[in-house]
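J.: how would this look folded up:
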Amino acid sequence: MLVWALAMPLLSVGLRFLDQHRILAMSGSVVAAGALALVLWAALIYVRCVPATPQLSRRIGYFVVFFAAMLALGAGALGLTFWAIVAIYGL
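T.: Just a heads-up that it's a prediction; the model follows:
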């Protein structure tokens, strides 16, 4: 999950670099594709790492804890992304 969170700033800096060098324009579809890739990666982490259980209540509990952890990591990664962009490219 930590690698997922660290991928956000790297993806953002990479897209900004490609946009700045006119290799790939930073359009809505490019940003949406990056966001979709992160969501699919989070789903893969959930499927591979969260234990399966036959009890519905425990499965819901696992999902809620996973979702809260990913939300907290995502918020931290968003802040890190902002400061990485500011540090590299300025305001």
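J.: got a list of what the residue nearest the centre of the chain touches?
T.: Centroid-nearest residue in the chain: residue 38, 4.4 Å away (criterion: CA atoms, centre = their mean). Residue 38 makes contacts with 4, 7-8, 11, as judged by CB atoms under 8 Å, 6 or more residues apart in numbering. For the C-beta atoms, the positions are set from N, CA and C on the backbone; glycine is no exception.
J.: list only buried entries from those residues.
T.: Buried residues within those, counting neighbours by 16 or more other CB atoms under 10 Å: 4, 7-8, 11.
J.: surely residue 8 meets residue 75?
T.: No. Applying CB atoms under 8 Å, one finds residue 8 not in contact with residue 75, separated by 10.4 Å.
J.: picking that back up, from the buried ones among the contacts of residue 38, pick the one nearest residue 57.
T.: Relative to residue 57, the closest of the buried ones among the contacts of residue 38 is residue 4; by CB to CB it sits at 26.6 Å.
J.: out of everything not next to it in sequence, what's closest to that closest one?
T.: Among residues not flanking residue 4 along the chain, residue 41 sits closest, at 5.7 Å (CB to CB, 6 or more residues apart in numbering).
J.: surely the one you found is in contact with residue 6?
T.: No. Residue 41 lies out of contact with residue 6 (CB under 8 Å); the separation is 11.9 Å.
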